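Asker: coords below, sequence missing:
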């Protein structure tokens, strides 16, 4: 892709979040972002199974037909606490992710099982086989990545990079994202993201990652729209699949 690229992704797409995601997709389209990577959770916290919701499937297939990309995003988006966890593990899985780092330290066999099940359920629901897998909170174990590669996923992303699993290549570009769980996190996000946006000026890839609760906070949602609009002055909106295909075809 010769043009500098903007990839906007919406995380945690599921029957539970369908209403706010619908609003976000429409609002983004109005400002010119008409291709979005939709990170779908097949059974969101064990309460939003996509295979059991035909209406969600029809909604998702309509979005895919309009040019949006379905991406597998974990399976449950939830990690069970384990006995005798180290301080490092507790920091990542409890403080940083609030228990949602499902693939943080997942072993190979379990990763393979969840990835295969998720891929097949999402393919059936979306009418298209997902080519990308993005772990919840971008925390992806080495065995999990090996399982994704074995199952034919072509790319993954982490907070600071996009990687081609097929080509074993990585492009470094840190994603903008907003933390909204407390007031101090929101204030930090509002200050940090404009700075990060400017620092990525010369990077071929700008990534803006959204979550449905971002809508609840007007200052954050206004900043998101402002930065997307600003990015589109010099960049073309695309999906992760578009960017990976163009860079490592």
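Answerer: Structure's in. What do you need? Just so it is clear, the model here is predicted, and its values are computed rather than measured.
Asker: contacts, neighbours, all on C-alpha from now
Answerer: Will do.
Asker: how near is residue 16 to residue 190?
Answerer: 26 Å (Cα to Cα, to the nearest Å).
Asker: quick check: mean pLDDT across the helix or strand harbouring residue 195?
Answerer: Here residue 195 sits within helix 183-199, counting by DSSP states H and E. Across helix 183-199, the average pLDDT comes to 97.
Asker: for that helix, buried residues please.
Answerer: 186, 189, 190, 193, 197 (16 or more other Cα atoms under 10 Å).
Asker: what of stretch 129-145?
Answerer: 129-141, 143-145.
Asker: then stretch 55-69?
Answerer: Result for stretch 55-69 [16+ other Cα under 10 Å]: buried residues 56, 57, 60, 61, 63, 64, 68, 69.
Asker: strands of the protein, residue ranges please.
Answerer: 5-13, 37-40, 69-72, 155-158, 161-164, 169-172, 205-210, 236-238 (DSSP state E).
Asker: can you redo those as TSV with mean pLDDT and distance to residue 101?
Answerer: Shown next, in TSV, are these (pLDDT from 0 to 100; distance: least, Cα to Cα, whole Å):
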stretch	mean pLDDT	distance to residue 101
strand 5-13	98	13
strand 37-40	98	15
strand 69-72	98	14
strand 155-158	98	12
strand 161-164	98	17
strand 169-172	98	21
strand 205-210	98	17
strand 236-238	98	27
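Asker: check contacts around residue 127.
Answerer: Applying Cα atoms under 8 Å, 6 or more residues apart in numbering to residue 127 gives the contacts residue 61.
Asker: give me the distance from the helix holding residue 195 to the chain's centre.
Answerer: The chain centre lies 19 Å from the centre of helix 183-199; the measure is Cα atoms, centre = their mean, to the nearest Å.
Asker: now for that helix, which elements pack on it?
Answerer: Under the contact criterion of 3 or more Cα pairs under 8 Å, 6 or more residues apart in numbering; DSSP states H and E, helix 183-199 touches helix 218-231.
Asker: let me know the closest of the buried residues of stretch 129-145 to residue 173.
Answerer: Comparing these against residue 173 with Cα to Cα places residue 138 closest, at 13.3 Å.
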